[in-house]
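> Build the 3D model from these lines:
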Amino acid sequence: MIKNILEEILDWSEAWAPLIPLIILSFKGRQANFLKPIIIYLWFALIIDSIIDAGWKFGWKFKGSVPEWMHPNNYLYNIHSIVRLICFSSFFIMLKQPFRTRIKKLMPLFSLLFLIINFSFFENFYEVDTISSRLFAVESGLLLFYCLQYYLFKLQAEDVVEKRGPDYWVVMGLSIYVVFNFFYFLFYKTLIEGGYGKFVAHMWNYHNLTFIILCIFIAKAFHASGHK
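Alright, predicted model coming up:
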(Lines give C-alpha, C1' and ligand atoms only; values in the text may rest on other atoms or scores of the structure.)
Protein backbone atom coordinates (compact mmCIF):
# COMPACT_ATOMS: atom_id res chain seq x y z
CA MET A 1 0.00 0.00 0.00
CA ILE A 2 2.81 2.40 0.91
CA LYS A 3 4.50 1.56 -2.40
CA ASN A 4 1.32 2.41 -4.30
CA ILE A 5 0.99 5.70 -2.46
CA LEU A 6 4.60 6.63 -3.24
CA GLU A 7 4.11 5.71 -6.89
CA GLU A 8 0.99 7.86 -7.04
CA ILE A 9 2.83 10.80 -5.49
CA LEU A 10 5.68 10.36 -7.99
CA ASP A 11 3.21 10.10 -10.89
CA TRP A 12 1.82 13.52 -9.97
CA SER A 13 5.23 15.05 -9.25
CA GLU A 14 5.36 17.04 -12.47
CA ALA A 15 2.23 18.84 -11.30
CA TRP A 16 3.19 19.49 -7.66
CA ALA A 17 6.98 19.92 -7.87
CA PRO A 18 6.77 23.52 -9.22
CA LEU A 19 4.84 24.41 -6.07
CA ILE A 20 8.01 23.92 -4.00
CA PRO A 21 9.82 26.99 -5.39
CA LEU A 22 6.57 28.93 -5.87
CA ILE A 23 5.76 28.58 -2.16
CA ILE A 24 9.26 29.80 -1.27
CA LEU A 25 8.75 32.66 -3.72
CA SER A 26 5.56 33.72 -1.94
CA PHE A 27 7.51 34.09 1.32
CA LYS A 28 10.72 35.60 -0.02
CA GLY A 29 9.16 38.29 -2.18
CA ARG A 30 10.91 40.22 -4.94
CA GLN A 31 13.62 38.35 -6.83
CA ALA A 32 16.63 39.26 -8.93
CA ASN A 33 15.67 40.35 -12.42
CA PHE A 34 17.41 37.41 -14.12
CA LEU A 35 15.12 34.99 -12.23
CA LYS A 36 11.95 36.34 -13.88
CA PRO A 37 12.09 33.84 -16.78
CA ILE A 38 12.39 31.04 -14.23
CA ILE A 39 9.29 32.28 -12.39
CA ILE A 40 7.38 32.38 -15.68
CA TYR A 41 8.52 28.85 -16.44
CA LEU A 42 7.38 27.54 -13.05
CA TRP A 43 3.87 28.93 -13.43
CA PHE A 44 3.67 27.54 -16.94
CA ALA A 45 4.98 24.13 -15.81
CA LEU A 46 2.48 24.04 -12.96
CA ILE A 47 -0.44 24.66 -15.31
CA ILE A 48 0.53 22.49 -18.28
CA ASP A 49 1.80 19.57 -16.18
CA SER A 50 -1.40 19.60 -14.15
CA ILE A 51 -3.35 19.33 -17.39
CA ILE A 52 -1.08 16.53 -18.65
CA ASP A 53 -1.25 14.50 -15.44
CA ALA A 54 -4.98 15.00 -14.99
CA GLY A 55 -5.62 13.96 -18.58
CA TRP A 56 -3.44 10.89 -18.18
CA LYS A 57 -4.91 9.83 -14.83
CA PHE A 58 -8.56 10.43 -15.68
CA GLY A 59 -8.47 9.14 -19.24
CA TRP A 60 -9.11 12.42 -21.06
CA LYS A 61 -12.83 12.33 -20.29
CA PHE A 62 -13.18 15.58 -22.19
CA LYS A 63 -12.03 13.97 -25.46
CA GLY A 64 -15.36 14.60 -27.12
CA SER A 65 -14.93 18.36 -26.76
CA VAL A 66 -11.59 18.60 -28.57
CA PRO A 67 -10.40 17.51 -32.04
CA GLU A 68 -9.18 13.92 -32.33
CA TRP A 69 -5.59 14.97 -33.12
CA MET A 70 -5.45 16.67 -29.71
CA HIS A 71 -6.41 13.55 -27.72
CA PRO A 72 -2.85 12.38 -26.84
CA ASN A 73 -0.91 14.62 -24.48
CA ASN A 74 2.43 14.31 -26.29
CA TYR A 75 2.02 17.69 -27.98
CA LEU A 76 1.66 19.27 -24.53
CA TYR A 77 5.02 17.77 -23.55
CA ASN A 78 6.49 19.21 -26.75
CA ILE A 79 5.12 22.65 -25.87
CA HIS A 80 6.60 22.29 -22.38
CA SER A 81 10.01 21.48 -23.86
CA ILE A 82 9.93 24.58 -26.09
CA VAL A 83 8.85 26.91 -23.29
CA ARG A 84 11.51 25.49 -20.94
CA LEU A 85 14.19 26.15 -23.55
CA ILE A 86 12.97 29.71 -24.11
CA CYS A 87 12.77 30.54 -20.40
CA PHE A 88 16.13 29.10 -19.39
CA SER A 89 17.82 30.58 -22.46
CA SER A 90 16.45 33.96 -21.39
CA PHE A 91 17.77 33.34 -17.88
CA PHE A 92 21.32 32.73 -19.13
CA ILE A 93 21.22 35.72 -21.47
CA MET A 94 19.93 37.97 -18.66
CA LEU A 95 22.87 36.96 -16.47
CA LYS A 96 24.93 39.13 -18.86
CA GLN A 97 28.10 37.14 -18.40
CA PRO A 98 30.75 38.58 -20.77
CA PHE A 99 31.52 35.14 -22.11
CA ARG A 100 30.43 33.70 -25.47
CA THR A 101 27.75 36.40 -25.64
CA ARG A 102 27.29 36.19 -29.41
CA ILE A 103 26.83 32.42 -29.30
CA LYS A 104 24.31 32.68 -26.45
CA LYS A 105 22.27 35.22 -28.39
CA LEU A 106 22.36 33.08 -31.54
CA MET A 107 21.19 29.96 -29.74
CA PRO A 108 17.48 30.97 -29.69
CA LEU A 109 17.64 31.64 -33.44
CA PHE A 110 19.21 28.24 -34.00
CA SER A 111 16.46 26.68 -31.88
CA LEU A 112 13.74 28.39 -33.92
CA LEU A 113 15.33 27.20 -37.16
CA PHE A 114 15.50 23.66 -35.81
CA LEU A 115 11.83 23.72 -34.79
CA ILE A 116 10.70 24.93 -38.20
CA ILE A 117 12.77 22.38 -40.14
CA ASN A 118 12.13 19.44 -37.81
CA PHE A 119 8.36 19.75 -37.59
CA SER A 120 7.95 20.78 -41.22
CA PHE A 121 9.86 17.87 -42.74
CA PHE A 122 10.78 15.18 -40.21
CA GLU A 123 8.42 14.87 -37.24
CA ASN A 124 4.76 15.38 -36.49
CA PHE A 125 4.31 17.83 -33.61
CA TYR A 126 1.08 16.01 -32.69
CA GLU A 127 2.59 12.52 -32.73
CA VAL A 128 0.22 10.04 -31.08
CA ASP A 129 2.64 7.39 -29.80
CA THR A 130 5.58 9.38 -28.41
CA ILE A 131 6.97 12.75 -27.49
CA SER A 132 9.44 14.34 -29.90
CA SER A 133 12.62 12.58 -28.87
CA ARG A 134 14.65 14.84 -31.16
CA LEU A 135 13.15 18.02 -29.69
CA PHE A 136 13.80 16.98 -26.08
CA ALA A 137 17.35 15.84 -26.88
CA VAL A 138 18.19 19.10 -28.68
CA GLU A 139 16.67 21.10 -25.84
CA SER A 140 18.73 19.20 -23.26
CA GLY A 141 21.88 19.57 -25.37
CA LEU A 142 21.46 23.32 -25.75
CA LEU A 143 20.71 23.81 -22.06
CA LEU A 144 23.73 21.68 -21.20
CA PHE A 145 25.84 23.99 -23.38
CA TYR A 146 24.50 27.00 -21.46
CA CYS A 147 25.38 25.31 -18.17
CA LEU A 148 28.91 24.45 -19.30
CA GLN A 149 29.65 27.97 -20.53
CA TYR A 150 28.35 29.29 -17.19
CA TYR A 151 30.82 27.13 -15.27
CA LEU A 152 33.67 27.98 -17.65
CA PHE A 153 33.06 31.67 -17.09
CA LYS A 154 33.06 31.17 -13.32
CA LEU A 155 36.34 29.28 -13.51
CA GLN A 156 38.02 31.86 -15.72
CA ALA A 157 36.77 34.74 -13.56
CA GLU A 158 37.80 32.85 -10.39
CA ASP A 159 34.45 33.92 -8.98
CA VAL A 160 34.55 32.22 -5.61
CA VAL A 161 32.51 34.71 -3.56
CA GLU A 162 29.42 34.74 -5.76
CA LYS A 163 29.54 31.19 -7.06
CA ARG A 164 26.81 30.10 -4.65
CA GLY A 165 24.43 32.93 -5.47
CA PRO A 166 20.89 32.30 -6.79
CA ASP A 167 22.17 31.85 -10.34
CA TYR A 168 24.49 29.08 -9.13
CA TRP A 169 21.63 27.09 -7.61
CA VAL A 170 19.48 27.36 -10.74
CA VAL A 171 22.33 26.21 -12.97
CA MET A 172 23.24 23.38 -10.61
CA GLY A 173 19.68 22.04 -10.60
CA LEU A 174 19.37 22.42 -14.37
CA SER A 175 22.71 20.67 -14.91
CA ILE A 176 21.54 17.64 -12.94
CA TYR A 177 18.30 17.55 -14.93
CA VAL A 178 19.81 17.78 -18.42
CA VAL A 179 22.84 15.55 -17.77
CA PHE A 180 20.68 12.71 -16.46
CA ASN A 181 17.98 13.02 -19.11
CA PHE A 182 19.93 13.81 -22.30
CA PHE A 183 20.53 10.22 -23.42
CA TYR A 184 17.13 9.15 -22.14
CA PHE A 185 15.48 11.72 -24.40
CA LEU A 186 17.87 10.95 -27.26
CA PHE A 187 16.91 7.27 -27.39
CA TYR A 188 13.32 7.63 -26.13
CA LYS A 189 11.61 7.10 -29.48
CA THR A 190 14.07 4.39 -30.56
CA LEU A 191 13.35 2.41 -27.40
CA ILE A 192 9.60 2.83 -27.83
CA GLU A 193 9.77 1.58 -31.41
CA GLY A 194 12.03 -1.28 -30.32
CA GLY A 195 9.43 -2.63 -27.93
CA TYR A 196 10.94 -1.33 -24.71
CA GLY A 197 7.91 0.72 -23.73
CA LYS A 198 7.78 -0.61 -20.15
CA PHE A 199 11.44 0.25 -19.60
CA VAL A 200 10.87 3.78 -20.97
CA ALA A 201 7.85 4.22 -18.71
CA HIS A 202 9.85 3.04 -15.70
CA MET A 203 12.70 5.43 -16.50
CA TRP A 204 10.23 8.31 -16.61
CA ASN A 205 10.01 7.96 -12.83
CA TYR A 206 13.70 8.87 -12.64
CA HIS A 207 13.03 11.80 -14.95
CA ASN A 208 10.40 12.94 -12.47
CA LEU A 209 12.90 12.67 -9.62
CA THR A 210 15.38 14.91 -11.47
CA PHE A 211 12.55 17.38 -12.12
CA ILE A 212 11.83 17.47 -8.38
CA ILE A 213 15.55 18.08 -7.75
CA LEU A 214 15.51 20.93 -10.27
CA CYS A 215 12.56 22.53 -8.49
CA ILE A 216 14.26 22.16 -5.10
CA PHE A 217 17.38 23.90 -6.39
CA ILE A 218 15.25 26.70 -7.86
CA ALA A 219 13.59 27.05 -4.45
CA LYS A 220 17.08 27.39 -2.95
CA ALA A 221 17.81 30.11 -5.51
CA PHE A 222 14.66 32.02 -4.53
CA HIS A 223 15.61 31.69 -0.88
CA ALA A 224 19.08 33.09 -1.60
CA SER A 225 17.81 35.96 -3.74
CA GLY A 226 14.49 37.03 -2.31
CA HIS A 227 13.77 39.89 0.06
CA LYS A 228 10.66 41.69 1.22
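> And Phe199, how far from Leu6?
20 Å (C-beta to C-beta, to the nearest Å). The C-beta positions use only the backbone N, C-alpha and C, and glycine is treated the same way.
> swap that for Lys104, sorry
Where Leu6 is concerned, Lys104 sits at a distance of 40 Å (C-beta to C-beta).
> ditto for Phe27
28 Å.
> cool, Asp49 as well?
19 Å.
> Which of these two has more residues huddled nearby?
Asp49 (21 against 10; other C-beta atoms under 10 Å).
> So which bits of the longest helix anywhere in the chain are buried?
Identified as the longest helix of the chain according to DSSP state H is helix 197-225. By neighbour count on 16 or more other C-beta atoms under 10 Å, the buried set for helix 197-225 is 200, 204, 207-222, 224-225.
> now stretch 10-26
Quick answer for stretch 10-26 (16+ other C-beta under 10 Å): Trp12, Ser13, Glu14, Ala15, Ala17, Pro18, Ile20, Pro21, Leu22, Ile24, Leu25.
> Might you report the residue contacts of the spatially most central residue of the chain?
Note on the chain: the residue nearest the mean C-alpha position is Arg84, at 4.9 Å, using C-alpha atoms, centre = their mean. Residues near Arg84 by C-beta atoms under 8 Å, 6 or more residues apart in numbering: Tyr41, Ala45, Glu139, Leu143.
> Excluding sequence neighbours, find me the nearest residue to the last one.
The reference is to Leu143. Val178 (4.9 Å; C-beta to C-beta, 6 or more residues apart in numbering).
> Name the helix or strand for the one you found, please.
Using DSSP states H and E, Val178 sits in helix 166-186.
> how far does that helix sit from the chain's center?
Distance of helix 166-186 from the chain centroid (C-alpha atoms, centre = their mean, to the nearest Å) equals 9 Å.
> Just the residues contacting that helix, thanks.
31-32, 34-35, 38, 88, 91, 95, 133, 136-137, 139-141, 143-144, 147, 150-151, 162, 203, 206-207, 210-211, 213-218, 220-222, 224-225.
> Would you indicate which residues of the next helix or strand after that helix are buried?
The helix or strand immediately downstream of helix 166-186 is helix 188-193, counting by DSSP H and E. Residues of helix 188-193 classed as buried: Tyr188, Lys189, Leu191, Ile192 (neighbour count, 16+ other C-beta under 10 Å).
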